[in-house]
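> make a model of this:
(chains A and B)
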Amino acid sequence: MAGIATPKTSWADDVDELEQPKTQPKTEDFIDENVKITRKIKRVLEKSLVDHSVAERATWTKFGQEKGNKPGPDRATTTVGENVTLKLSAGNKSSEPEPSAEQTLKSNLVKAGAGKVTCRLCKGDHFTAKCPYKDSLPGLDGAETPVGLDDTGTPAEPAAAAPSASTGGKYVPPSMRGGRGPGESMSRPGGSRDDLPTLRVTNISEDTQENDLRELFGGFGRVARVYVGRDRETGAGKGFAFVSFEDKIMAQKAMEKMHGRGYDNLILNVQWSQPREQR
DNA sequence: CATGAGCGC
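Residues are numbered from 1 along each chain as shown, chains lettered A, B, ... in the order given. Coordinates of the predicted model:
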């Protein structure tokens, strides 16, 4: 802006030329008046910014029916509006100046995390569902209904929960269990997304897409999910991907067949992926 | 070489 050479003429000059008769000043009074006003505008513009010129208008002498009255708006005849500023906010909700008492109460419970995640079991820095003590602790603060009552408070058959605890030690997701149970063809309602048998595929070219991997691994079994690790900014692949199968057996076959295979002049490396939380 | 993202009020 500052680099632009100041033009010799401004638009106000053009106005001046347009409004001002090429001949000598006409006799008509209103034209004369227009010229005066134009020159006054020009002076104001040359002297200050526009918003200042707006303030300048308040000092102008009035004309017409208001002629003779003192400068500035007359509240009796003029409505002075206030500036309306539009604020944009996410969710189309106006920013709340003060939280309600309930919100304050709730936020205090989670205050330790300061907006972060706080485990309801051990107050750790993780989700409750990921708490390492999730399986060893009975429930939330022990206040959780242990056995015999379900979450609705109605009695439940006690035999349901007891046998599963006898598996002992580490929890193994159904899809990762070796033996196929009677209910193997479990209708996946909503999809068991976390416990899918997942392969980590590394050494893929950076332009490999999800569909490429789906094609590549689709022949071994139903591919439940494909994720390609990408750079957050550029979107370019980072050379690794996750391929989740619905059946662990198929995943293992795919791993055995595809590991060491060439793809895009690179040698694929296919391993079991580690669950994200326990790394 | 390389291990995602979202759950949470």
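
> phi, psi of the closest residue to A:Arg222 other than its chain neighbours?
Take A:Arg222 and drop its neighbours on the chain: the residue closest to it by C-beta to C-beta, 6 or more residues apart in numbering is A:Glu246, 4.5 Å away. Any C-beta I mention is one placed from the backbone N, CA and C, and that applies to glycine too. Backbone torsions of A:Glu246, given as degrees, to the nearest 10, read phi -90, psi -20.

> same deal with A:Ser244?
phi -100, psi 130.

> what count of nearby residues applies to the residue nearest to A:Arg222?
Residues lying near A:Glu246 (other C-beta atoms under 10 Å) number 19.

> could you do A:Asn211 as well?
11.

> one more: the one 10 residues further on?
Counted with other C-beta under 10 Å, residues neighbouring A:Gly221 total 18.

> check contacts around it.
A:245-247, A:249-251, A:253-254 (C-beta atoms under 8 Å, 6 or more residues apart in numbering).

> and these, which of them are in helices?
A:249-251, A:253-254 (DSSP state H).

> now render those residues as CSV, adding distance to DNA strand B and pLDDT.
Shown next, in CSV, are the ones in helices among the contacts of A:Gly221 (distance: C-beta to the nearest atom of the strand, whole Å; pLDDT from 0 to 100):
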residue, distance to DNA strand B, pLDDT
A:Ile249, 19, 94
A:Met250, 17, 94
A:Ala251, 12, 95
A:Lys253, 19, 96
A:Ala254, 15, 97
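
> ok, and the most crowded of these?
A:Ala251 (27 neighbours).

> so for the closest residue to DNA strand B within the stretch 151-279 of chain A, what pLDDT did the model give?
Using C-beta to the nearest atom of the strand, the closest approach of the stretch 151-279 of chain A to DNA strand B is made by A:Gly239 at 2.7 Å. If you check A:Gly239, the pLDDT there is 96.

> regarding it, what is its secondary structure?
Counting by DSSP: H, G, I helix; E, B strand; the rest coil, the backbone at A:Gly239 sits in strand.

> continuing past the helix or strand of chain A with the lowest mean pLDDT, what's the next helix or strand?
Scoring the helices and strands of chain A by mean pLDDT, DSSP states H and E places helix A:162-165 at the bottom, with a mean of 40. The helix or strand immediately downstream of helix A:162-165 is strand A:198-202, counting by DSSP states H and E.

> what pairs with that following strand, and is each one parallel or antiparallel?
If you go by DSSP bridges, strand A:198-202 pairs up with strand A:237-245 (antiparallel), strand A:269-272 (antiparallel).

> so where is the stretch 1-150 of chain A shaky, pLDDT-wise?
Along the stretch 1-150 of chain A, the model assigns pLDDT under 70 to residues A:1-55, A:57, A:72-73, A:75, A:78-115, A:135, A:137-150.

> contacts only, for A:Ala251.
Listed by C-beta under 8 Å, 6+ apart, the contact set of A:Ala251 reads A:197-199, A:220-221, A:243-245.

> out of those, which touch DNA strand B?
Near DNA strand B, judged by C-beta under 7 Å from any atom of the strand, the entries from those are A:198, A:244.

> so which of the contacts of A:Ala251 wins on neighbours?
Busiest of the contacts of A:Ala251 [other C-beta under 10 Å] is A:Val243, holding 29 neighbours.
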